[in-house]
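Starting from these lines, generate the structure:
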Amino acid sequence: MMKIAWYRRQSVWVILSFLFMLVIFLHSMKTGTGAGRPSSIKQVIYNFAHVPAYMVLTILLFNAIRSQTLTWAIFVSAAYGVFIEYVQSFNPGRTASVMDEGLNVVGIVIAVMLIRKGMFNFTKR
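Okay, here's the model as predicted:
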């Protein structure tokens, strides 16, 4: 009975992780054309949105994967960021950006620091 509850709890984290990855993907596939170039302030906000997005993704993956270390959550988050930047380079009006990937890494590092402090570890280890 305990194992069934554990699988259900893990399923929730896995589903949340995939849904959040889908949100990131869909947002990154929006074309950069149409309404014109965003203002400088909007562009800064869009750029720094990478930090909380990849922080949340890493926390979700950490709780979904349940590995003894953060290695897999870090790897999957970083690899997904690279994948998104690559795919985005084929989208009209969008480009792949090393700066965006750097901001993704900042979000991942913040998540790692918070998890190591005992925050956001919602599953029993």
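
going forward, measure contacts and count neighbours with C-alpha atoms only.
Noted.

Select the longest helix from the chain.
Secondary structure assigned by DSSP state H gives helix 2-28 as the longest helix of the chain.

which parts of the following helix or strand past it are buried?
Per DSSP states H and E, the first helix or strand lying C-terminal to helix 2-28 is helix 40-48. Buried positions in helix 40-48, judged by neighbour count with 16 or more other CA atoms under 10 Å: residue 48.

Tell me which other helices or strands helix 40-48 touches.
Packing partners of helix 40-48 (3 or more CA pairs under 8 Å, 6 or more residues apart in numbering; DSSP states H and E): helix 98-116.

what is the mean pLDDT for the helix it packs on?
Here helix 98-116 scores 94 as its mean pLDDT.

what residues does that helix touch?
By CA atoms under 8 Å, 6 or more residues apart in numbering, the residues outside helix 98-116 that reach it are 47-48, 50-56, 58-59, 70, 74, 77-78, 81-82, 85, 120-121.

how much space between residue 29 and residue 94?
Noted for residue 29: a distance of 8 Å to residue 94, by CA to CA, to the nearest Å.

I should have written residue 46 there, sorry.
Using CA to CA, residue 46 is found at 13 Å from residue 94.

Likewise for residue 75?
For residue 75, the distance to residue 94 equals 25 Å [CA to CA].

So for these two, which sits in the more crowded spot?
residue 94 (17 against 13; other CA atoms under 10 Å).
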